[in-house]
Structures are given as structure tokens and as C-alpha cells.
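**Q** Kindly return the folded structure for what I paste below:
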Amino acid sequence: MKRFRIIFLGIVALSFAVGQWLNVSMSAKTPDEAALLKDMVPDARFSAKGWMPPHYSSEGLIAFNTYDLVPSIRGYAGPIKLLVVMDRSGFIRGVRIIGHRETKNYIHFMESSEYLARLAGKHPSEPFQQGRDIDAISRATVSVDALAKTLKGASALAASSLLGLDVKGEAGAGASDYRPFVYGAFFVVSFAFYFATRKTPEYSIARDISLAVSIVVLGIYLSSPFSVLHVFSLILGGFSSSALWYTLIISVALSVIAAGRFYCGWLCQFGALCEFAGRMPVSKWEMSSDTDEKCRRLKYVVLGLVTALVLISGRPDYGNYEVYVTLFSFHGSWPAWLLVFAMLIANLKVKRFWCRYLCPVAALSGLFSRQDAGYVSRSDCPMSNTPNPHISECIRCNRCYKGSLIKP
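**A** All right, here's what the predicted structure looks like:
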């Protein structure tokens, strides 16, 4: 595994260097804002772009790129740039998304004409409330929140500095975001029970409860499965302004250091579905240990190839092949949905098929898991690990942990 880790880090360094060189060498494609404004408001004649802050002006209207006014507000993978048309009273008359690096699954609602039409008529002095205003037809994702805060903040600044309007309320303010606390509390409780189950058999049911809750809370409610896309965005400098984003990344990173693939075994929503499917009374495919071992290496190969593609292109969304992103965003192409159903069916025949052979998060966390001689495997291992497995394949269910009294 040390060799795999060195190769992977080499791929990251080389691909990132090539990507940065290409980014500098090739001129960045910027949207033609004047042409977009003509399409948005055909009858208006806007002036050349002015400054302090940057904006376009027309009789009865102003227009601006939100990134020029509030560049610090970010979604999952960076800023969401909007071209906004506003009348002299401060009411929004049109919005166009002109740039983002978000995962398509989480932003497809926001690019629809129905969604954008809901933004018209909003005023920066009004609260943008989840579930009532611009979020009414979407899920409460980090991308949705970023768009709301971007529009609110930029519109408030434009209305006050360009139109001289008295905008009440704090720019960018909205409903309190308690999702990081929900996730944080769930993580802490699950992590505590992880250590408890290493020695106390009465707590062994805690892992099943944690997996079941993860499907409902992290998957359906928060729609925030940890993804390799988080890591790609981090490497490419696509930092988010969401507290949930940082809470998720930091907690998973710390858990890998302290407990290897704890996330896979206790918190992963798709992993939970895979494991529960594998427990169904369906005849399993027989596979030799040698074949199984070779197939497990596939996830590292796929991770390396996808990492190179993403870092060279500078596009995190090119690495979006994770089935849990499609499933819990409730959106994806037909090949993506086909892969989801294929993996769920495969898990009926092979325990944790996706986790063992294809999952990029499993590969990444496995590469950086520390060896622990306490995990020796046993017959009811949810990963079907052989005796004394490499720690990169252990999801820390604690059934086999030396000192544990959990019965087979």
C-alpha cells in the first residue's frame, strides 16, 4: 500500500502541475456579458461596464456580475457567478447563471428556467428563506445556499451603492444554517460508539443504527455524502463558504487519521445500503481470494485515472462517477442511474461490491489508513476480508477487533 500511496501522490503532483501550466498557457474563456444582457433584456441599451462597483447602466435598469461585488461567497467548488438585472427600485428583473464549478447533480435545478424565473421580483431588503422563496423547488444543498447568499449580498450592495437605496437587514443574511450542527452531533455520537464497540458487545447494534440513520439524515435530509469531489475541489482551490462543507471534510480527514475507514463502516449512506442489501438471503457469487484481491485493486486504478483527468482539466465535475452523488441528489443521467441500480443489485450477490472494487472514497481513505494489528477479520466480515487483512480494506465494524466480545 505504501507503493500505491507514493504513486497516487505522484499522480496528484504531476497532474496538478500540468493543469496549472495549461491554465496559464490557455486564455480563459469568459462570458460575453454584453451579449447575455441583450438576450435577457432585448429592448434595453446598456452602457459600457462602469466601476465602483463594476456595473452596466440603462434607462430604468442596472446590471452586474455578482462575482464583481461579492467574490468571497462560494458553493461546494467555488463561486457561483450570476448576471443580474435590477430596476431602479431595487427589484430583480432577471438572473442568468454565467459561471460555476459545482457538481451538475446539485445545481441542475438552479439552471432551469422555472427556478430562475422565481428569482424575478425579489428585493434585497426581503429575506431569502429556504423552502419558501428561491429554494422552493430545489433541495437545501450547499450550492442552493451559495446562490441565495450571492444574490442577496450582491443585490444589497448594488442597491445601496449604485441606487442609493436603504437596504434593511444584513447583506447575505438568511435563515440560520443548523446543518453543520446536525452532522457534527451525529458524527461525534457515532465516533464515540465506534470506540465503545471495540470492547463492549452490548453496543454492537450501534453501528447498524448509525448506518440506518446516515441514510435518512446525511443522505436524504442533508444530501451531503462525503465525496472525492470534495478533495478535488480542495486541491484546485475551490474552497466553499459553507460551514457544512468544512465540517464534513475536517471530520472525515480526522477520522481517517484516527480510525482509518471509519466513515465507510459507520457513516457512508451508500455503504449502508450496500451492506443491508448484502445481508438479504440471496445466494452469493463464489470468488477466489486471488481474484477478489486483484479486483480490489481496480478502485485504486480508477481513482488514479480520474484524479489525473480532474487535475489536468481543472474540472472537479469530470470526476463525478460516484453512485451516492447521483442517488442522494436525486438527479443524474440515465447511465448514472443505471450504474446506481447495477451496484445495488451487485451487492445482493457480493458483499459491499461497490466499496470493495470501485469506490473512490474507499480507495482514498484506504491509502492513508494506519495499520492496526487489532483487526484480524473473521467469517462474518461485511467486506469478506481474509484473515489479517491489510488495514486499507477494513471498515472498522469492530466485529473482529482483538478485545471485542462481539459474538459471530
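**Q** Settle this for me: Ser227 is touching Val361, isn't it.
**A** Yes. Look at Ser227 against Val361 with CB atoms under 8 Å: they come within range, at 6.9 Å. For every residue, glycine as well, the C-beta is placed using N, CA and C.
**Q** more crowded one of those two?
**A** It is Val361, of Ser227 and Val361, that has more neighbours when counted by other CB atoms under 10 Å, with 27 against 22.
**Q** Tyr263 is in contact with the more buried one, correct?
**A** Yes. The pair Val361 and Tyr263 passes the contact test of CB under 8 Å, sitting 7.3 Å apart.
**Q** Can you pull the residues that touch both of the two?
**A** Phe226 (CB atoms under 8 Å, 6 or more residues apart in numbering).
**Q** ok so, going back, what residues are shared contacts of Ser227 and Val361?
**A** Shared contacts of Ser227 and Val361, counting by CB under 8 Å, 6+ apart, come down to Glu322.
**Q** Provide a list of residues in contact with Ile395.
**A** Arg261, Phe262, Cys264, Gly265, Gly271, Arg352, Cys355, Pro382, Met383.
**Q** Check which helices and strands the helix or strand bottoming out on mean pLDDT in the chain is in contact with.
**A** One helix or strand of the chain scores below all others by mean pLDDT, DSSP states H and E: helix 104-107, with a mean of 72. Judged by 3 or more CB pairs under 8 Å, 6 or more residues apart in numbering; DSSP states H and E, helix 104-107 is in contact with helix 142-161, helix 323-329.
**Q** one more time with 7 Å
**A** helix 323-329 (3 or more CB pairs under 7 Å, 6 or more residues apart in numbering; DSSP states H and E).
**Q** in the following helix or strand past the helix it packs on, what counts as buried?
**A** Sequence-wise, the next helix or strand downstream of helix 323-329 (DSSP states H and E) is helix 334-349. Within helix 334-349, the residues scored as buried using 16 or more other CB atoms under 10 Å are Ala336, Leu339, Val340, Met343, Leu344, Ala346, Asn347, Leu348.
**Q** Using CSV, lay out the residues you listed together with distance to Ser288.
**A** Formatted as CSV, the buried residues of helix 334-349 follow (distance: CB to CB, whole Å):
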residue, distance to Ser288
Ala336, 31
Leu339, 26
Val340, 28
Met343, 22
Leu344, 24
Ala346, 18
Asn347, 19
Leu348, 20
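**Q** from these, which has minimum pLDDT?
**A** The member of those with the lowest pLDDT is Ala336, at 89.
**Q** wait, isn't that residue in contact with Thr326?
**A** Yes. Assessed by CB atoms under 7 Å, Ala336 is found in contact with Thr326 at 4.4 Å.
**Q** circling back to that earlier point, most neighbours out of the contacts of Ile395, which is it?
**A** Going by other CB under 10 Å, Cys264 tops those with 31 neighbours.
**Q** check contacts around that residue.
**A** Counting by CB atoms under 7 Å, 6 or more residues apart in numbering, Cys264 makes contact with Gly271, Cys355, Ala362, Ser365, Ile395.
**Q** mind running it again at 8 Å?
**A** Gly271, Cys355, Cys359, Val361, Ala362, Ser365, Ile395, Arg396.
**Q** Ile107 now?
**A** Applying CB under 8 Å, 6+ apart, the residues near Ile107 are Gly75, Ile80, His100, Ser143.
**Q** pLDDT weak spots in this protein?
**A** The chain contains residues with pLDDT under 70 at 24-29, 106, 127-141, 168-176, 403-408.
**Q** circling back to that earlier point, just name the closest of the buried residues of helix 334-349 to Gly184, please.
**A** Using CB to CB, Val340 comes nearest to Gly184 of those, at 28.1 Å.
**Q** Can you tell me how far that closest one is from Glu59?
**A** Between Val340 and Glu59 the distance is 52 Å, computed by CB to CB, to the nearest Å.
**Q** Tell me where the stretch 51-200 of the chain has helices.
**A** Using DSSP state H, counting those that start in this stretch, the helices found in the stretch 51-200 of the chain span residues 66-69, 104-107, 113-117, 142-161, 179-196.
**Q** Then the stretch 201-350 of the chain?
**A** Here the stretch 201-350 of the chain has its helices, by DSSP H, counting those that start in this stretch, at 205-214, 228-235, 243-259, 262, 269-278, 289-296, 298-313, 323-329, 334-349.
**Q** Now distance to Tyr401 too, for these, in a markdown table please.
**A** Below are these laid out as a markdown table (distance: least, CB to CB, whole Å):
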| stretch | distance to Tyr401 |
| --- | --- |
| helix 205-214 | 12 |
| helix 228-235 | 28 |
| helix 243-259 | 11 |
| helix 262 | 13 |
| helix 269-278 | 18 |
| helix 289-296 | 21 |
| helix 298-313 | 24 |
| helix 323-329 | 27 |
| helix 334-349 | 24 |
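**Q** Need the winner for burial among these.
**A** Comparing the helices of the stretch 201-350 of the chain by mean neighbour count (mean count of other CB atoms under 10 Å), helix 262 comes out on top with a mean of 26.
**Q** circling back to that earlier point, which stretch among the helices of the stretch 201-350 of the chain approaches Arg5 most closely?
**A** That would be helix 298-313 among the helices of the stretch 201-350 of the chain, by CB to CB, at 9.6 Å.
**Q** Run the angle between the closest one and helix 228-235 for me.
**A** 40 degrees (axes from the mean of the first three to the mean of the last three CA atoms, to 10 degrees).
**Q** Check the offset of helix 298-313 from the chain's centre.
**A** Chain-centre distance of helix 298-313: 17 Å, with CA atoms, centre = their mean, to the nearest Å.
**Q** tell me what that helix is packed against?
**A** Using 3+ CB pairs under 8 Å, 6+ apart: helix 298-313 touches helix 2-25, helix 228-235, helix 353-357, helix 360-367.
**Q** can I get these in a markdown table with distance to Val189?
**A** Below are the helices and strands packed on helix 298-313 laid out as a markdown table (distance: least, CB to CB, whole Å):
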| stretch | distance to Val189 |
| --- | --- |
| helix 2-25 | 31 |
| helix 228-235 | 22 |
| helix 353-357 | 23 |
| helix 360-367 | 20 |
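**Q** wait, which of these is closest to Phe109?
**A** helix 228-235 (17.9 Å).
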